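Enquirer: sequence-free structure coming up:
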């Protein structure tokens, strides 16, 4: 009613209700200025006593759970993003490449030794026919340095995806090094048949070793490719889109809470106006004020709220 008002004394109360009690209520104007009469309420108690508080509490619990879930998912996203980045960096690091090089050289060296032993045996058999001292290993030419260069060139051709003149030059350099592996056939004492026999075996061994080296390089390359693919197989969503979706869910829940809160606060204001009229109160505070005597009308408004259901 005009001339009377209900004022909230707290800007924030339990359950995040920041609305204040305000509105006209009280007694009819008199010709004499009456002494103002005050009331006070416990707003938290009124809110909890409202029939719709159960609904609000449910929404508030869902809202808090939603926020906790959002924060947990954010941490999970950050962890996955960081782990994925570290794994990719490790797979393409110099240490990983060095490990691939060493694996390649070790595996090719083992196969080379196996083929070498077979050729050495044949070489020695032919030399023994002529009562000659067997020569040096027939596939050991070039030494360890050449083997390292061969490994590097194989991996370079496989991993760097070269083309044009650079690729041609690299292939030629690789072929030159491969050709240096093989010992020369003694021309002065071997028969043509022996030379042919050994040349065929040596050519076959060379082709087998070259094919095996290419196979090993391909296997290492494929394994690295699959590892990189696996590192990126966790399909992380776009960060902006992901955050926007979560924010929409949070805002939707806040909107539901606000709607119920408005119903509760409007109802409390109406009931406070009724009690203010009955008790001829000029102002109803939501907290006690110093040096002001006020009647606690919390239970009266609670009764109005309960009876109004």
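Expert: Everything's here; your move. Because the structure is a prediction, the values reported are computed rather than measured.
Enquirer: Could you use CA atoms for every contact and neighbour count after this?
Expert: OK.
Enquirer: And the helices in the protein, which stretches?
Expert: Under the criterion DSSP state H, helices of the chain are mapped to 43-49, 53-91, 94-129, 143-159, 164-179, 192-231, 239-278, 298-307.
Enquirer: quick one: low-confidence ranges for this protein?
Expert: The model of the chain has pLDDT under 70 over residues 1-34, 80-96, 132-163, 174-187, 228-236, 290-291, 308-309.
Enquirer: hmm, back to that, put together JSON lines for the helices of the chain, with distance to residue 292 on each row.
Expert: Shown next, in JSON lines, are these (distance: least, C-alpha to C-alpha, whole Å):
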{"stretch": "helix 43-49", "distance to residue 292": "18"}
{"stretch": "helix 53-91", "distance to residue 292": "31"}
{"stretch": "helix 94-129", "distance to residue 292": "79"}
{"stretch": "helix 143-159", "distance to residue 292": "86"}
{"stretch": "helix 164-179", "distance to residue 292": "95"}
{"stretch": "helix 192-231", "distance to residue 292": "70"}
{"stretch": "helix 239-278", "distance to residue 292": "17"}
{"stretch": "helix 298-307", "distance to residue 292": "17"}
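Enquirer: could those go into TSV alongside distance to residue 36 and mean neighbour count?
Expert: Shown next, in TSV, are those (distance: least, C-alpha to C-alpha, whole Å; neighbours: other C-alpha atoms under 10 Å):
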stretch	distance to residue 36	mean neighbour count
helix 43-49	22	19
helix 53-91	33	14
helix 94-129	85	16
helix 143-159	91	17
helix 164-179	99	14
helix 192-231	75	16
helix 239-278	12	16
helix 298-307	19	17
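Enquirer: right, and the ones you listed - which one's nearest residue 289?
Expert: In terms of C-alpha to C-alpha, the element of the helices of the chain nearest to residue 289 is helix 43-49, at 14.7 Å.
Enquirer: Packing partners of that closest one?
Expert: Helices and strands touching helix 43-49, by 3 or more C-alpha pairs under 8 Å, 6 or more residues apart in numbering; DSSP states H and E, are helix 239-278, helix 298-307.
Enquirer: Tell me which other helices or strands the first one touches.
Expert: Contacting helix 239-278 under the criterion 3+ C-alpha pairs under 8 Å, 6+ apart are the following elements: helix 43-49, helix 53-91, strand 283-285, helix 298-307.
Enquirer: same thing but 7 Å
Expert: helix 53-91, helix 298-307 (3 or more C-alpha pairs under 7 Å, 6 or more residues apart in numbering; DSSP states H and E).
Enquirer: These: which one's closest to residue 260?
Expert: Closest among the helices and strands packed on helix 239-278, using C-alpha to C-alpha: helix 53-91, at 6.1 Å.
Enquirer: Relative to residue 115, how far out is residue 279?
Expert: Separation of residue 279 from residue 115 (C-alpha to C-alpha, to the nearest Å) stands at 111 Å.
Enquirer: quick one on the thing from earlier: so for residue 37, which of the helices of the chain sits nearest?
Expert: Closest to residue 37 of the helices of the chain is helix 239-278 (C-alpha to C-alpha; 9.6 Å).
Enquirer: Tell me which of the helices and strands packed on helix 43-49 sits nearest to residue 38.
Expert: Evaluated over the helices and strands packed on helix 43-49, closeness to residue 38 peaks at helix 239-278, with 8.9 Å, by C-alpha to C-alpha.
Enquirer: Could you check the angle the closest one makes with helix 298-307?
Expert: Angle of helix 239-278 versus helix 298-307, following axes from the mean of the first three to the mean of the last three C-alpha atoms, to 10 degrees, is 110 degrees.
Enquirer: Please shift the residue numbers so they start at 3 in all later answers.
Expert: Taking 3 as the first residue, the last one we looked at is helix 241-280.
Enquirer: Residue 284 touches residue 274, doesn't it?
Expert: No - taking contacts as C-alpha atoms under 7 Å, residue 284 lies outside contact range of residue 274: 11.3 Å.
Enquirer: just to revisit the earlier point, can you lay out the helices and strands packed on helix 241-280 as a markdown table showing distance to residue 220?
Expert: Listed next are the helices and strands packed on helix 241-280 as a markdown table, based on distance: least, C-alpha to C-alpha, whole Å:
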| stretch | distance to residue 220 |
| --- | --- |
| helix 55-93 | 16 |
| helix 300-309 | 80 |
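Enquirer: out of those helices, which comes closest to residue 239?
Expert: Closest approach to residue 239 among the helices and strands packed on helix 241-280 (C-alpha to C-alpha): helix 55-93, 9.0 Å.
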